[in-house]
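Asks: this one's sequence-less:
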């Protein structure tokens, strides 16, 4: 009998598969943050308030959190596999992207109110919410793809590379969205993103062909019936203390990073007096730094272990960063850039250890649902924290006005928002310490290397 070699056992094949799915996620992250550096420009050109900007960012969690779409996405992933779920999620990303583009391009800022929101803002929110279902479901799908193709091999390194490539999309959005708007118009970055997502969908279809061939090889070498996912398996996930510690750590840590990045460009303008067109470059240092450091730390975890310790160190660094941003000292761009570098290190440390730790706690057949539940918890922070920060800025932090290109825009004091972000970091440290203690009791192996020694 001829043995068919699995593609996942061949280095070139599994790394090619990783690059393809990472490429797709990169463009998803580009659209996620395409409007993040545009808060001031939206106020200037579309008359969006900071509260409306907060509501727009809050819409990211509407369907994922309130309609439990992420939970359903995880169940679909475990039942129907990575090919079907990934193709569906990429299609939703494309649909949401074009709705978001339509809202900004074709609906006037003065078109009227619907449900207490201007129709332009509401339509953009709906597009963003649909896109969010796609991108978050695609995120858990890609995580399961990596576990499927890299278990026993360079798992943390692979996850680090995927995170790094995806963060490149964020960096490109932070740098180029304001420049594109200045040279074209407000909707152009959104149209650009939608076209790139179409290319990402085509790339994912190429991965599907590779995965189908890999599954055929797996089926040929085993006669055991597949241990399939059942709904009752959810009990294994929700009854695990270690799982919930990771989920809550994810919530607190990401609540202090991603929502911060929504307002980081405005922080650079208001506190550090950076020009509006260039203000996105300094926050972009975070994801650009991830390109090198996340795979580096992932490789360390693969070979040396210490996953829980890595998460503790990263969480402590997060607190220091936001305290430095809150203090009224050294209001110079170079100091802000230095702090961003430290945040970039923290943002590389925690994800590089956190995501590869989940398969050590939850069996592979339940991973889709486990990642979905973590992403669902995370989306609570990704949605509500920007809403909270936008409300706080609008109510408590306006300290004057400034003129940009002849238009009057608000001037903000960011001390209170930075203190809130620092508080999330404190909770993240406590959870990381509890996770390390739980690992010691249960023997998950979070402090052990990922690469299987033969």
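Replies: Happy to help now that I have it. Quick caveat, the model's predicted, so the values are computed rather than measured.
Asks: which residues of the chain score low on pLDDT?
Replies: By pLDDT under 70, the low-scoring segments of the chain are 1-4, 221-231, 452-454.
Asks: in the lengthiest helix in it, what's buried?
Replies: Secondary structure assigned by DSSP state H gives helix 69-106 as the longest helix of the chain. Neighbour-count burial for helix 69-106 flags 69-78, 81-83, 85-104 (criterion: 16 or more other CB atoms under 10 Å). Yep, even glycine has a C-beta here, placed from its N, CA and C like the rest.
Asks: what's downstream of it, the next helix or strand?
Replies: Counting by DSSP states H and E, the next helix or strand C-terminal to helix 69-106 is strand 113-114.
Asks: so what strands line up beside that next one?
Replies: According to DSSP bridges, the neighbouring strands of strand 113-114, each with its direction, are strand 117-118 (antiparallel).
Asks: so how far is the helix or strand that comes right after the partner strand off the chain centroid?
Replies: Heading C-terminal from strand 117-118, the first helix or strand you meet, by DSSP H and E, is helix 119-150. For helix 119-150, the gap between its own C-alpha mean and the chain's C-alpha mean amounts to 9 Å (CA atoms, centre = their mean, to the nearest Å).
Asks: over to stretch 89-104?
Replies: Using CA atoms, centre = their mean, we find the averaged C-alpha position of stretch 89-104 to lie 18 Å away from the chain's own average C-alpha position.
Asks: count the neighbours of the closest residue to residue 213 other than its chain neighbours for me.
Replies: Using CB to CB, 6 or more residues apart in numbering and skipping residues adjacent in sequence, the residue nearest residue 213 is residue 7, 6.0 Å away. Applying other CB atoms under 10 Å, we find 21 other residues in the vicinity of residue 7.
Asks: residue 7 and residue 150, how far apart?
Replies: In this structure, residue 7 lies at 12 Å from residue 150, with CB to CB, to the nearest Å as the measure.
Asks: pull up the overlap in contacts between these two.
Replies: When contacts are counted by CB atoms under 8 Å, 6 or more residues apart in numbering, residue 7 and residue 150 are jointly contacted by residue 14.
Asks: residue 450 falls within a helix, correct?
Replies: No: membership of residue 450 in a helix is not supported by DSSP: H, G, I helix; E, B strand; the rest coil, which gives coil.
Asks: could you report the neighbour count for it?
Replies: For residue 450, the number of neighbouring residues by other CB under 10 Å comes to 27.
Asks: try residue 181
Replies: Using other CB under 10 Å, the number of residues around residue 181 comes to 23.
Asks: same question for the one 5 residues further on.
Replies: The local packing count at residue 186 equals 19, with neighbours defined by other CB under 10 Å.
Asks: that one and residue 106 touch, don't they?
Replies: No: because the distance of 11.8 Å does not satisfy CB atoms under 8 Å, residue 186 is recorded as not touching residue 106.
Asks: now do the same contact list for the closest residue in space to residue 165 that isn't next to it in sequence.
Replies: Excluding the flanking residues, the one nearest residue 165 by CB to CB, 6+ apart is residue 22, at 3.8 Å. With contact set as CB under 8 Å, 6+ apart, residue 22 has these partners: 142, 161-162, 165-166.
Asks: what does residue 103 give?
Replies: Under the contact definition (CB under 8 Å, 6+ apart), the residues listed for residue 103 are 120-121, 123-124, 126-127.
Asks: next one: residue 19
Replies: residue 165.
Asks: which helix or strand lies directly C-terminal to the helix or strand where it lies?
Replies: If you go by DSSP H and E, residue 19 is part of helix 11-32. Scanning the chain past helix 11-32 towards its C-terminal end, the next helix or strand to appear is helix 39-41 (assignment: DSSP H and E).
Asks: and that following helix, what does it pack onto?
Replies: Judged by 3 or more CB pairs under 8 Å, 6 or more residues apart in numbering; DSSP states H and E, helix 39-41 is in contact with helix 258-270.
Asks: chain center to the helix it packs on, what's the gap?
Replies: In terms of CA atoms, centre = their mean, the centre of helix 258-270 is set 16 Å apart from its chain centre.
Asks: just checking, what packs against that helix?
Replies: For helix 258-270, the packing partners by 3+ CB pairs under 8 Å, 6+ apart come out as helix 39-41, helix 50-58, helix 155-183, helix 333-361, helix 367-396, strand 407-412, helix 415-442.
Asks: can you give me the buried ones in the longest one?
Replies: Under the neighbour-count criterion of 16+ other CB under 10 Å, helix 367-396 has 367-379, 381-390, 392-394 buried.
Asks: then the third one?
Replies: Neighbour counts over helix 155-183 (16+ other CB under 10 Å) mark 155-178, 180-181 as buried.
Asks: what residues does stretch 238-254 touch?
Replies: Outside stretch 238-254, the residues that touch it by CB under 8 Å, 6+ apart are 237, 311, 314-315, 318, 350, 354, 357-358, 361-362, 370, 373-374, 377-378, 380-382, 424-425, 427-428, 431-432, 434-435, 438-439, 442, 444.
Asks: kindly recompute the last result at 7 Å.
Replies: With contact meaning CB atoms under 7 Å, 6 or more residues apart in numbering, stretch 238-254 is reached by 237, 311, 315, 318, 350, 354, 357-358, 361-362, 370, 373-374, 377-378, 380-382, 424, 427-428, 431-432, 434-435, 438-439, 442, 444.
Asks: give the buried residues for it.
Replies: Buried positions in stretch 238-254, judged by neighbour count with 16+ other CB under 10 Å: 240, 242-254.
Asks: just name the closest of those to residue 345, please.
Replies: Within the set of the buried residues of stretch 238-254, residue 253 lies nearest residue 345; the separation is 13.4 Å, counting by CB to CB.
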